[in-house]
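Peer 1: my questions concern the predicted model and sequence given below.
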Amino acid sequence: MDKILKIRLGRDVKDYLSITFGLMCYALGWAAFLLPYQITTGGVTGISAIIYYVTGVEIQVSYFIINALFLGFALKILGPKFSLKTVYAIFMLTFLLWLFQAILKGPDGNLPQLLGPGQEFMACVVGAGQEFMACVVGAGLLGFGIGIVFCNNGSTGGTDIIAWIINKYKDVTLGRMMMYCDIVIISSCYFIFHDWKRVLFGFCVLFIMSIVIDYVINSTRQSVQFLIFSRKHDEIAEGITKQIDRGVTLLDGTGWYSKQNIKVVVVLAKKSQSLDIFRLVKDIDPNAFISQSNVVGVYGEGFDKLKIK
């Protein structure tokens with residue numbers, strides 16, 4: 001029981017550390033690239049950015065207040081559906097948005113345009129005074145950060161809470177509802193700046209973010225299949241089960257040339273665990289024959305949930 005508790009605790013600690021890193025990337029993208037160029041995007045952070053551009057109220061203040069209201073409605077309507085990780089992410093992102101702005105602000109109290117005049121190094125890398133490049137770099141950081149948060153079962157709250165609430169009463173999918181919210185938020189920029197370029201940049205950020213998020217999530221969820229042929233199959237199977245924490249299946253095989261019976265160890269694992277499996281097998285049996293192949297999808301316990309409409 002203590003061992004299981006330690007494993008779960010270790011996973012939770014890893015999840016929270018990964019979520020924190022993802023939120024750091026997300027907050028840096030806003031503070032360093034989007035806010036200085038008055039670029040916005042969807043979600044509650046996008047609403048908070050618009051409020052900041054119009055009133056000067058710090059983005060983290062309105063972000064926290066709006067999310068607190070949404071969480072209150074969600075708890076009343078949906079019940080305790082949202083995990084502690086969502087609450088943690090809201091508090092942590094509020095702090096990180098403040099922290100990165102405090103670090104980056106110049107003596108005049110304004111956020112510097114890192115791709116603008118006086119930034120020779122960054123200008124050398126991506127070109128000077130390019131708002132679109134700020135849009136691309138910022139969107140990449142936002143997508144990368146949110147992707148990591150999602151991969152570790154986290155959420156930043158915001159418009160997905162609205163989507164959950166509306167989805168309870170209306171037959172509208174969560175993804176479509178979130179898309180509608182983002183379109184309204186980004187389009188509202190025109191009534192503030194009277195500049196379609198800002199709206200276009202907002203949709204560019206949303207588009208790039210979605211691509212990066214999908215890439216991060218798909219890359220971390222890639223699975224592989226191992227076929228391991230070894231006389232020390234018992235030790236290998238035991239090691240993979242206890243050290244890698246993956247299930248193992250033993251199949252009976254026969255070598256056509258040698259006509260000898262042999263056990264085949266079959267393992268389905270995350271791609272990130274491949275190196276650990278190779279090292280374990282090499283330590284136990286350097287002469288083992290190993291076949292590794294990518295699989296299109298693995299569903300069930302320890303992998304993705306099977307979803308059929």
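Peer 2: Sure, I can see it. Because the structure is predicted, anything quoted here is derived from the model rather than measured.

Peer 1: okay, CA-based contacts and neighbour counts for the rest of this
Peer 2: OK.

Peer 1: give me the element the closest residue in space to V205 that isn't next to it in sequence is part of.
Peer 2: Spatial nearest neighbour of V205, excluding adjacent residues (C-alpha to C-alpha, 6 or more residues apart in numbering): A139 at 4.9 Å. Taking DSSP states H and E as the definition, one finds A139 inside helix 131-151.

Peer 1: dump that helix to CSV, keeping only the CA atoms.
Peer 2: Only the C-alpha atoms of helix 131-151 are listed here, as CSV (Å, rounded to 0.1, in the frame of the first residue of the first chain):
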residue,chain,number,x,y,z
GLU,A,131,4.9,42.4,-35.1
PHE,A,132,4.1,39.3,-37.0
MET,A,133,7.2,37.6,-35.7
ALA,A,134,6.2,38.5,-32.2
CYS,A,135,2.9,37.0,-32.9
VAL,A,136,4.5,33.7,-34.2
VAL,A,137,7.0,33.4,-31.3
GLY,A,138,4.4,34.3,-28.7
ALA,A,139,1.9,31.9,-30.1
GLY,A,140,4.5,29.1,-30.2
LEU,A,141,5.3,29.6,-26.5
LEU,A,142,1.6,29.7,-25.6
GLY,A,143,0.8,26.6,-27.5
PHE,A,144,3.9,24.7,-26.1
GLY,A,145,3.0,25.7,-22.5
ILE,A,146,-0.7,24.8,-22.8
GLY,A,147,0.2,21.5,-24.5
ILE,A,148,2.4,20.5,-21.6
VAL,A,149,-0.4,21.5,-19.1
PHE,A,150,-2.9,19.4,-21.0
CYS,A,151,-0.5,16.4,-21.2
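
Peer 1: any idea how far it is from the chain center?
Peer 2: Counting by C-alpha atoms, centre = their mean, to the nearest Å, helix 131-151 is centred 10 Å from the centre of its parent chain.

Peer 1: what lies in contact with it?
Peer 2: 18-30, 32-34, 37, 39, 115, 126, 155, 201, 204-206, 208-214, 216-217, 220 (C-alpha atoms under 8 Å, 6 or more residues apart in numbering).

Peer 1: can you tell me how far the residue nearest to V205 is from R279?
Peer 2: For A139, the distance to R279 under the criterion C-alpha to C-alpha, to the nearest Å works out to 37 Å.

Peer 1: more neighbours, those two?
Peer 2: Regarding A139 and R279, a neighbour count based on other C-alpha atoms under 10 Å identifies A139 as having more, with 30 against 12.

Peer 1: now the more buried one: how far from W30?
Peer 2: 9 Å.

Peer 1: can you check M179 too?
Peer 2: Remark: distance between M179 and W30 (C-alpha to C-alpha) = 20 Å.

Peer 1: could you do W98 as well?
Peer 2: In this view, W98 and W30 are 11 Å apart by C-alpha to C-alpha.

Peer 1: who has more neighbours, these two?
Peer 2: Here W98 and W30 are compared on neighbour count by other C-alpha under 10 Å; more neighbours surround W30, at 27 against 17.

Peer 1: and the helix or strand where L17 lies, what's buried?
Peer 2: When secondary structure is defined by DSSP H and E, L17 falls within helix 2-29. When neighbours are counted by 16 or more other C-alpha atoms under 10 Å, the buried residues of helix 2-29 are found to be 15-16, 18-29.

Peer 1: as CSV, the residues you listed with distance to Y190 and pLDDT would be great.
Peer 2: Listed next are the buried residues of helix 2-29 as CSV, based on distance: C-alpha to C-alpha, whole Å; pLDDT from 0 to 100:
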residue, distance to Y190, pLDDT
D15, 39, 85
Y16, 37, 91
S18, 36, 91
I19, 33, 91
T20, 33, 95
F21, 33, 95
G22, 30, 94
L23, 28, 94
M24, 29, 96
C25, 28, 95
Y26, 24, 94
A27, 24, 94
L28, 25, 94
G29, 22, 93
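
Peer 1: nearest to Y52 among the residues you listed?
Peer 2: Y52 lies nearest to A27 out of these, by C-alpha to C-alpha, at 14.9 Å.

Peer 1: which residues touch that closest one?
Peer 2: With C-alpha under 8 Å, 6+ apart as the criterion, the residues that contact A27 are L93, L96, L97, F100, L142.

Peer 1: who wins for neighbours among those residues?
Peer 2: Neighbours here are counted as other C-alpha under 10 Å. On that basis the top member of the contacts of A27 is L142, with 28 neighbours.

Peer 1: so what pLDDT did that residue get?
Peer 2: L142 is assigned a predicted lDDT (pLDDT) of 92.

Peer 1: mean confidence for the following helix or strand past the helix holding L17?
Peer 2: Proceeding N to C from helix 2-29, the next assigned helix or strand is helix 43-55, under DSSP H and E. With pLDDT averaged residue by residue, helix 43-55 scores 90.

Peer 1: likewise for stretch 71-90?
Peer 2: Per-residue pLDDT values over stretch 71-90 give a mean of 73.

Peer 1: that's all I had, so thanks and see you.
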